[in-house]
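Peer 1: Fold the following, please.
(chains A and B)
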Amino acid sequence: MLNELIHILAAAIISWALFVTIDILFRLPEAGGVSGASAIAEDITKGGGSLHGGTMMGNIVCSPDASAGTLLAACGVYVAGIPGGLAAAVLVYIGNRICHDPGYAGTTGAVIATFVVYGFTLAGFAASDFIAGTVVAILAIQGISHVHASALLTRLSRWRS
Amino acid sequence: MIALPLLGAIAVFAALRAVFERKTGRKLPYLNAMNFAIAGSLVLLLDHPLALVAAAAYFVGSTLESNAIASTYAGGILKDE
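Peer 2: A predicted model of the protein is given here:
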């Protein structure tokens, strides 16, 4: 049980780094993809948060981004290995189109995460560790402290611009 | 297996944060975290290949809902024009 807990924690750190990097590369902190994302960013800013981090958080809410791609890719690998992960990428792509997302952060994230998760299953991790790990990682961004998470994301997004 | 109870606990925690948060714009990120936990637990609970489709359908559907709520909260389509 302790071993599984350590695996989940490691998976959380890996998936956090993976999807935050991809989201920032796809310029999610720069502008709201839909008007709703900007409204969420505004509320986070009013609550003492930071604008660009808030915008990225709004974009994560409003369309399947790289974090959703990572979660569904881990689910896909859990169900059916690499083909399952790639099937998840197709589902994320459809989700992006339904939400009128102009970017491809979610699909790219799902494809990359498929190979990352599969690689770690060869190294003794279970795909379920990554399912739980990604949820812990998204909780750290969206569910604990909007003020601190948005400030950190804004700081990280500076190297992109 | 500790993954499933952990996801359940995160879903309840995020749901409670959403309930007690007053601003709609800040409720949605909490709900997003809850949706992640529920989509993940669907796959762990259903031992079937189609569990992936169920999780993706749930997740995309809930994202679309959040998208619609957030856009309406922002003033709807009228504001875009």
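Peer 1: all contacts plus neighbour counts: C-alpha atoms, from now on.
Peer 2: Fine.
Peer 1: Quick check: residue A:29 touching residue A:52?
Peer 2: Yes: contact criterion Cα atoms under 8 Å: residue A:29 and residue A:52 qualify, at 4.8 Å.
Peer 1: Mutual contacts of the two, please.
Peer 2: Common neighbours of residue A:29 and residue A:52 are listed as A:153-154, A:157 (criterion: Cα atoms under 8 Å, 6 or more residues apart in numbering or on different chains).
Peer 1: element containing residue A:45, please.
Peer 2: helix A:35-46 (DSSP states H and E).
Peer 1: How about that helix and chain B, touching?
Peer 2: Yes: applying Cα under 8 Å from any Cα of the partner chain, one finds helix A:35-46 in contact with chain B at A:35-44.
Peer 1: who wins for neighbours among these?
Peer 2: Tallying neighbours with other Cα atoms under 10 Å in any protein chain shown puts residue A:40 at the head of the residues of helix A:35-46 next to chain B, with 32 neighbours.
Peer 1: so it touches residue B:70, yeah?
Peer 2: Yes: under the criterion of Cα under 8 Å, residue A:40 makes contact with residue B:70 at 7.1 Å.
Peer 1: For the two, list the residues in contact with both.
Peer 2: Listed contacts common to residue A:40 and residue B:70 are B:25, B:28; contacts here mean Cα under 8 Å, 6+ apart.
Peer 1: Work out which residue lies at the spatial centre of chain B.
Peer 2: residue B:35 (2.4 Å; Cα atoms, centre = their mean).
Peer 1: May I have the predicted confidence score for the nearest residue to that residue once chain neighbours are set aside?
Peer 2: Leaving aside its chain neighbours, residue B:35 sits nearest to residue B:59 (6.6 Å; criterion: Cα to Cα, 6 or more residues apart in numbering or on different chains). On the pLDDT scale, residue B:59 is placed at 93.
Peer 1: and if you look at residue B:1?
Peer 2: pLDDT, the model's per-residue confidence, is 84 for residue B:1.
Peer 1: before we move on, back to that, please identify which helix or strand holds the residue nearest to the centre of chain B.
Peer 2: Counting by DSSP H and E, residue B:35 is found in helix B:24-45.
Peer 1: do residue A:56 as well
Peer 2: Here residue A:56 is covered by helix A:51-62, with elements defined by DSSP H and E.
Peer 1: I'd like the average pLDDT over that helix.
Peer 2: The pLDDT scores in helix A:51-62 average 92.
Peer 1: That helix versus helix B:24-45: what angle between them?
Peer 2: 50 degrees (axes from the mean of the first three to the mean of the last three Cα atoms, to 10 degrees).
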